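Visitor: using only what follows, build the 3D model:
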Amino acid sequence: MRLTKTILIIGSIFIVFLACQKKSNSITHKSDEFGDYAIYIPNNPQKLIVLVHGYPWPDDSRTKEQLKEHVLSYADQWREFSDVNKAITIIPQMGSGDFAGYRQMFGYRIDPGDYIEKLVDHYSNEYIKDYSGKFTLYGHSAGAQFAVRYAITRPEKLDGAIISAPSTYPFPNESVNWPYGFKAIIRDSIFNGTTEVKDDSEKVAGALFSPKLKYAIRAVDQIPICIVIGSGDTLPRKSREGLIGNTRMERAYNWASIMNSKNSSNRNEIKITVVKDVGHEPFKMLKAVHEQILTFYENY
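Guide: The predicted model follows:
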């Protein structure tokens, strides 16, 4: 009888311990002076992943509450991978407020790339001992448009980037305006900062934004970049000056081919993974995405 009671007590303690562990590792939604984000912190984190979401609804129909639920759903889908690989997962809430222009790499009071790095620095300093200084970037659809532009302008911050089915890319053409080419543009006051609130004079409205094509080409050599796309993601996309191809699939192959051809050493040529029998559905491509990220971690 005593043995049975002892086993029951130990079992109860273990259940409470598991419950506490589950509670301590909950997904949370946070807000700061610039924006909102979801975050998941596993036990003893060693790495960090930033996820940039797409939209499951027309862009003009989203609300702040929809965006909140959406980033929380991303965190939930990535929780197991985060636990197994001890990776903090941060999902910034993009597309409204400060970051309506995030696909162009612009924000109202702070640029989205700077904001992501602010979050990365904060959580890596607080939770990760001997942090490598680099994180993994994943973006899907609209989020992938941001991710590919971040990867080729700030490769020194990344250990790799997963570009999941964007509709547009910055093709290496200096006669086409950014973000579809590399011609410099003037930041405007609607999406790209204001002189009243931005500290950096080079990032306020009216300042010139000059993307560097040579730097972007070198980025392909510096970090692994993988495009992941579903085999059924073949609907025609809106044509824009500078874009080569009419579908996400065509544009992916054209952009990768051209960028790879300009990369002289090809140490890290852009790769494409096509997931069979899947359309424009991010969570159905996660297995392929996770497998690719694991190849990044082999270099840790």
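Visitor: rest of the way, CA atoms for contacts and neighbours
Guide: Will do.
Visitor: residue 106 - how many residues pack around it?
Guide: Residue 106: 25 surrounding residues under other Cα atoms under 10 Å.
Visitor: tell me who's in contact with it.
Guide: Going by Cα atoms under 8 Å, 6 or more residues apart in numbering, residue 106 touches 99, 112, 191, 192, 193.
Visitor: tell me how many other residues crowd the second one.
Guide: Taking other Cα under 10 Å as the neighbour definition, residue 112 ends up with a count of 26.
Visitor: where do the helices of the stretch 51-200 of the chain begin and end?
Guide: 64-85, 112-127, 142-153 (DSSP state H, counting those that start in this stretch).
Visitor: for those helices, which one ends up most surrounded?
Guide: Mean neighbour count (mean count of other Cα atoms under 10 Å) peaks for helix 142-153 among these, with a mean of 25.
Visitor: which neighbouring elements make contact with that one?
Guide: Here helix 142-153 touches strand 47-52, strand 135-140, strand 158-164, helix 213-222, going by 3 or more Cα pairs under 8 Å, 6 or more residues apart in numbering; DSSP states H and E.
Visitor: of all those, which one is nearest residue 89?
Guide: Closest of those to residue 89 is strand 47-52, at 4.9 Å (criterion: Cα to Cα).
Visitor: sheet-wise, list the partners of that closest one with their directions.
Guide: The sheet places strand 47-52 alongside strand 87-92 (parallel), strand 135-140 (parallel), with pairing taken from DSSP bridges.
Visitor: got those strands as JSON lines, with mean pLDDT, mean neighbour count and distance to residue 104 columns?
Guide: Conversion of these to JSON lines gives the following (pLDDT from 0 to 100; neighbours: other Cα atoms under 10 Å; distance: least, Cα to Cα, whole Å):
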{"stretch": "strand 87-92", "mean pLDDT": "98", "mean neighbour count": "26", "distance to residue 104": "16"}
{"stretch": "strand 135-140", "mean pLDDT": "98", "mean neighbour count": "24", "distance to residue 104": "14"}
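Visitor: ok, which of the ones you listed comes nearest residue 177?
Guide: Proximity to residue 177 (Cα to Cα) singles out strand 135-140 among those, at 22.3 Å.
Visitor: quick one, phi/psi of residue 294?
Guide: When read as degrees, to the nearest 10, the backbone of residue 294 gives phi -60, psi -30.
Visitor: likewise for residue 275?
Guide: The phi/psi pair for residue 275 (degrees, to the nearest 10) reads phi -100, psi 120.
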